[in-house]
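[1] Need the 3D shape of this:
(one chain, ligands or ions: 1)
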Amino acid sequence: MPDKSFYVTTPIYYVNDAPHIGHAYTTVAGDVLARWHRQRGEKVRYLTGTDEHGTKVQRKAEENEVTPQEWVDTLVSEHWRPVLETLDIANDDFIRTTEERHRRGVQAFWTVLKEAGHVYPELYEGPYCVGCEEFKVAADLEEGTGEYAGELVCRIHGRPVEQLSEQNWWFRLSEFGPALLEHYERNPDAVAPRSAYNEVVSFIRGGLSDISMSRSSVDWGVPLPWDPEQVVYVWFDALLNYITAVGYGQNSGKELFANTWPADVHLVGKDILRFHAVYWPAMLMAAGLPLPAKVFAHGWLLVGGEKMSKSKLTGIAPETITDTFGADAFRYYFLRAINFGSDGSFSWEDMRDRYTSELANGLGNLASRGGAMITKYFAGVLPEPGPYSNADLVVQDLLARTVADADAAMLRLDFSGGIAAIRGLIDAVNGYVTEQQPWALAKDDDRRERLGTVLYTIAESLRAISVLYHPVMPSATEALWQSLGADALGPLADQVVTHVVWGQLPPGVTVSKPEQLFPRLPDEEE
Ligand code: MSP
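    Numbering: from 1, shown residues only. The predicted model follows:
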């Protein structure tokens, strides 16, 4: 399938509130992955969007005395779209579940399942968590404490569940257990990390029950085509965004769908793994559609040991961090400091420390020293390298290894591993500068050729670093690329990460000292 895009998705976010850094985390990870694949020369489609139906959003609108449509329109235009710019996200599409293309696709999909006999009417009686928008079983609940003492609360939200009794339509999920198990046995990488895979397989082995796919007491949703008094249960509306955004259910969308589906990676938080790795593939099987290649469940950003959340008032708005550190450092920090797949805590101290030591002093300093010395000793004209010494060849060898290691890590979504490989190169080049002492070579006219070789080695390393780091820090690397005169090689975003080899930057280009890539933080400036 030569035209098939590498298709990456984030979950679509509930618009009951504004985004916090937990949401931003998923979106940034998806963007770095998408940009990495684009820079491998692949055709890529990166999708994000908003989940706008359901009880949670409807109630929030009611509390604010506006219609649900007004509420979601305001939140999307004032918060959810702007946050993409705040974080420098290059998504190819943004889907809203209130869009016509989505509603039509949802109705088409469930009509297919209904007609194939996968849907039947039945009474639902049991607990429902509005926070999760999920039908619960006893194991999902615990005794409440404090104001909720004596009540059963959801383990994730810590809030009381509601008892529902509704005549609904049900999806025959129970029929798909064996096929799902077989699929996962054959494709052990289809859910990652391994702990998530094991959780999914053991959940399926425990036996699947049929599940309600509609709601009769909610009206903010997509009406069932065969029973318009009911709406599609919000999760079974939302999951379909991954196909409705690439043309499913639209006549004009056939080519896009054929060239995009199935998804290569669905990025999800571990709290929504079951929806993506059990219910969603079962729905796709029922519709006769191919399954996503991989669902990757990342961990949570924690505050005080608990999942950061707006409902618990622990959500931090992304701008609070980007206003001080900038988008590049935000993107870098969360992917570098937390193993993708594990939980992690955010702390201002840790962020400040890494910003200063790894970005400002590490990469920032190397870039400004390199640019400043070429300006000073060679009037800003990149010198021709002379014969390479062992020390130079060590840097070149390390670059070759860095490219291979970073690529392998990024492909397995080990972002911190990919960043660590690139950091290793930066540290080595900083060490090289200290050892080679170009400022001492500059004092001796006889060593001018050697000085040229050392400065070329620094500039060429910086060029390679800007290519490799571009998916992580698009803006600082662009400034670096310009300062190196590397535009002679074409736009930075077109540089193929896997083709980064030594000796590309042509001697003679104009090199300048870059503007400060990572400015010093405000209160360190005395
Ligand atoms: N609307 C559903 C997803 C539907 S996808 C078909 C939903 N929305 S959400 O807004 O509650 O969460 C969206 C994503 O943000 C989830 O992957 C969730 O794990 C992630 N995060 C929300 N809080 C988070 C943290 N504190 N830390 C990391 N990710 C977090 O679920």
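[2] For the rest of this, base every contact and every neighbour count on C-alpha atoms.
    OK.
[3] Give me every residue in this structure that's in contact range of the ligand.
    Residues of the chain lying close to the ligand (Cα under 6 Å from any ligand atom) are 11-14, 22-23, 51, 238-239, 268-271, 299-302, 307-309.
[4] Filter those down to the buried ones, PyMOL style.
    Per 16 or more other Cα atoms under 10 Å, the buried members of the residues of the chain next to the ligand correspond to this PyMOL selection:
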select buried, resi 11+12+13+14+22+23+51+238+239+268+269+270+299+300+301+302+307+308+309
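[5] List the ones among the residues of the chain next to the ligand that fall in helices.
    22, 23, 238 (DSSP state H).
[6] now the residues you listed in CSV, with pLDDT?
    Output for those, formatted as CSV (pLDDT from 0 to 100):
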residue, pLDDT
22, 95
23, 96
238, 98
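[7] In CSV, list these along with distance to residue 402.
    Output for these, formatted as CSV (distance: Cα to Cα, whole Å):
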residue, distance to residue 402
22, 30
23, 30
238, 40
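[8] all helices for the stretch 151-300 of the chain, in order.
    Using DSSP state H, counting those that start in this stretch, the helices found in the stretch 151-300 of the chain span residues 177-186, 194-205, 234-238, 241-244, 254-260, 273-274, 280-287.
[9] Need the winner for burial among those helices.
    Most buried of the helices of the stretch 151-300 of the chain, by mean neighbour count (mean count of other Cα atoms under 10 Å): helix 241-244, with a mean of 25.
[10] contacting residues around that one?
    9, 12, 47, 95, 97, 101, 102, 105, 106, 257, 261, 263 (Cα atoms under 8 Å, 6 or more residues apart in numbering).
[11] So which of these are in strands?
    9, 47, 95 (DSSP state E).
[12] Could you list the low-pLDDT ranges of this structure?
    By pLDDT under 70, the low-scoring segments of the chain are 1-2, 310-313, 524-526.
[13] Can you tell me the SS state at residue 142?
    The three-state label given to residue 142 by DSSP: H, G, I helix; E, B strand; the rest coil is strand.
[14] Restricting to C-alpha, output the helix or strand in which residue 49 is found in CSV.
    Counting by DSSP states H and E, the element that carries residue 49 is strand 44-51. The C-alpha trace of strand 44-51 is given here as CSV (Å, rounded to 0.1, in the frame of the first residue of the first chain):
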residue,chain,number,x,y,z
VAL,A,44,1.7,11.1,8.0
ARG,A,45,-1.7,11.9,9.2
TYR,A,46,-2.0,13.2,12.8
LEU,A,47,-5.5,13.6,14.2
THR,A,48,-6.7,15.2,17.4
GLY,A,49,-10.0,16.7,18.4
THR,A,50,-12.8,17.0,20.9
ASP,A,51,-15.5,14.7,22.4
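[15] residues touching whichever residue of the stretch 101-250 of the chain sits closest to the ligand, list them.
    Distances between the stretch 101-250 of the chain and the ligand by Cα to the nearest ligand atom are smallest at residue 239, namely 3.8 Å. Residue 239 makes contact with 276, 280 under the criterion Cα under 8 Å, 6+ apart.
[16] Tell me which residues touch residue 193, please.
    Counting by Cα under 8 Å, 6+ apart, residue 193 has contacts 296, 297, 341.
[17] Buried residues in stretch 121-130, which are they?
    124, 127, 128, 129, 130.
[18] Just confirm the last one contacts residue 57, I think it does.
    Spelled out, it's residue 130. No: counting by Cα atoms under 8 Å, residue 130 does not reach residue 57; the two are 9.6 Å apart.
[19] count of residues packed around residue 70?
    11 (other Cα atoms under 10 Å).
[20] Make sure it is indeed in a strand.
    No: under three-state DSSP, residue 70 falls outside any strand and is assigned helix.
[21] Format the contacts of residue 193 as CSV; extra columns: neighbour count.
    Formatted as CSV, the contacts of residue 193 follow (neighbours: other Cα atoms under 10 Å):
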residue, neighbour count
296, 27
297, 28
341, 21
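[22] Need the nearest residue in space to residue 270, chain neighbours excluded.
    residue 297 (4.8 Å; Cα to Cα, 6 or more residues apart in numbering).
[23] who does that neighbour bridge with?
    Beta-bridge pairing of residue 297 under DSSP bridges involves residue 268.
[24] which stretches of the stretch 301-450 of the chain form helices?
    318-337, 348-354, 365-378, 390-411, 415-436, 438-441, 448-469.
[25] Residues in contact with the first one: which ones?
    Residues outside helix 318-337 that contact it (Cα under 8 Å, 6+ apart): 19-21, 24-25, 28-29, 83, 86-88, 344, 351, 354-355, 359, 415-417, 419-420, 472-476, 521.
[26] at 6 Å what do you get?
    For helix 318-337, contacts defined as Cα atoms under 6 Å, 6 or more residues apart in numbering pick out 20, 21, 87, 415, 416, 473.
[27] Could you do the fifth one as well?
    Contacts made with helix 415-436 from outside it, assessed by Cα under 6 Å, 6+ apart, are listed as 335, 336, 402, 406, 409, 410.
[28] List just the nearest of those residues to the ligand.
    Nearest member of those to the ligand, counting by Cα to the nearest ligand atom, is residue 335, at 11.8 Å.
[29] Among the contacts of helix 415-436, which pair sits farthest apart?
    Spatial extent of the contacts of helix 415-436 (Cα to Cα) is set by the pair 335 and 402 at 17.7 Å.
[30] mind giving me TSV with the ones in strands among the contacts of helix 241-244 and columns for neighbour count?
    Shown next, in TSV, are the ones in strands among the contacts of helix 241-244 (neighbours: other Cα under 10 Å):
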residue	neighbour count
9	25
47	26
95	19
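[31] chain center to stretch 379-395: distance?
    38 Å (Cα atoms, centre = their mean, to the nearest Å).
[32] So what does the residue nearest to residue 314 when sequence neighbours are not counted have for phi and psi?
    Nearest residue to residue 314, sequence neighbours excluded (Cα to Cα, 6+ apart): residue 308, at 5.3 Å. Dihedral pair for residue 308: phi -60, psi 130, per degrees, to the nearest 10.
[33] Contact partners for residue 308?
    Residue 308 touches 301, 302, 314, 315, counting by Cα under 6 Å, 6+ apart.
[34] What count of nearby residues applies to the third one?
    Residues within reach of residue 314, counting by other Cα under 10 Å, total 15.
[35] Okay, it and residue 22: tell me how far apart.
    Note on residue 314: its distance to residue 22, by Cα to Cα, to the nearest Å, is 10 Å.
[36] about what we covered before: out of the contacts of residue 193, who's nearest the ligand?
    Nearest to the ligand among the contacts of residue 193, with distances taken as Cα to the nearest ligand atom, is residue 297, at 8.0 Å.
[37] Please name the residues that touch that closest one.
    Here residue 297 is in contact with 268, 269, 270 (criterion: Cα under 6 Å, 6+ apart).
[38] for the residue of the chain most remote from its centre, what are its contacts?
    For the chain, the largest distance from the centre (Cα atoms, centre = their mean) belongs to residue 446, which lies 52.0 Å off. Residues in contact with residue 446 (Cα under 6 Å, 6+ apart): none are found.
[39] Could you report the distance from it to the ligand?
    58 Å (Cα to the nearest ligand atom, to the nearest Å).
[40] Adjust the sequence numbering to begin at 13 for everything that follows.
    New numbering, starting at 13: the last item is residue 458.
[41] Give me the buried entries from the contacts of helix 330-349.
    By neighbour count, with 16+ other Cα under 10 Å, the contacts of helix 330-349 hold 32, 33, 99, 427, 428, 485 as buried.
[42] Going by proximity to the ligand, name the top residue of the stretch 63-212 of the chain.
    Closest point on the stretch 63-212 of the chain to the ligand, by Cα to the nearest ligand atom, is residue 63, at 5.0 Å.
[43] Go through the contacts of helix 330-349 and name the one nearest residue 395.
    Distance to residue 395 across the contacts of helix 330-349 (Cα to Cα) is lowest for residue 485, with 27.6 Å.
[44] Skipping adjacent residues, who's closest to that closest one in space?
    Spatial nearest neighbour of residue 485, chain neighbours left out: residue 340 (4.6 Å); criterion: Cα to Cα, 6+ apart.
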